[in-house]
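[1] This is the structure alone, sequence omitted:
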């Protein structure tokens, strides 16, 4: 799959996440949008793996360029934060309102990590299909 299509998907995922964040007051809409963004992002990771063998490349960290290792580290951390977002979000939906501030802070951190994943993807991944 061409790099431009993956970068476009990545940008659209970020845009979807930004829209989802803006909809936080409309809880059901927020949940649907954010779940869609996270699922799409995991699908994008699978596309990258299937087209580029990303896991094998990432497992060769000692011989990879530093920027690629940073990119992979941020991307993996982002997915781990998705898990935290789902867990705290589900508890909020069950009425544990004391978690709201934690969920919000985790959310902004997750979004910042996703922005960094997007930014580092341009620096770490040299297009091979140009």
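    Done, it's in. Note that this is a predicted model, so its numbers are computed, not measured.
[2] residue ranges for the helices of this structure, please.
    Per DSSP state H, the chain carries helices over the ranges 3-22, 27-52, 54-58, 66-93, 100-124.
[3] okay, and for the protein, where does confidence drop off?
    Under the criterion pLDDT under 70, the flagged ranges of the chain are 1, 52, 54-58, 60-61, 125-130.
[4] ok, now with 90
    Within the chain, the ranges that satisfy pLDDT under 90 run 1-4, 47-69, 72, 121-130.
[5] Give the burial count for residue 64, as a bare number.
    Residue 64 has 16 neighbouring residues, counting by other Cβ atoms under 10 Å. Quick note: C-beta positions are derived from backbone N, CA and C, even for glycine.
[6] can you offset everything so residue one is 19?
    Sure thing, new numbering starts at 19, so read that last one as residue 82.
[7] backbone phi and psi for it, please?
    Dihedral pair for residue 82: phi -80, psi 160, per degrees, to the nearest 10.
[8] ok so, going back, export the helices of the chain to JSON lines and tack on mean neighbour count?
    What follows is the helices of the chain, written out as JSON lines (neighbours: other Cβ atoms under 10 Å):
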{"stretch": "helix 21-40", "mean neighbour count": "16"}
{"stretch": "helix 45-70", "mean neighbour count": "16"}
{"stretch": "helix 72-76", "mean neighbour count": "14"}
{"stretch": "helix 84-111", "mean neighbour count": "16"}
{"stretch": "helix 118-142", "mean neighbour count": "16"}
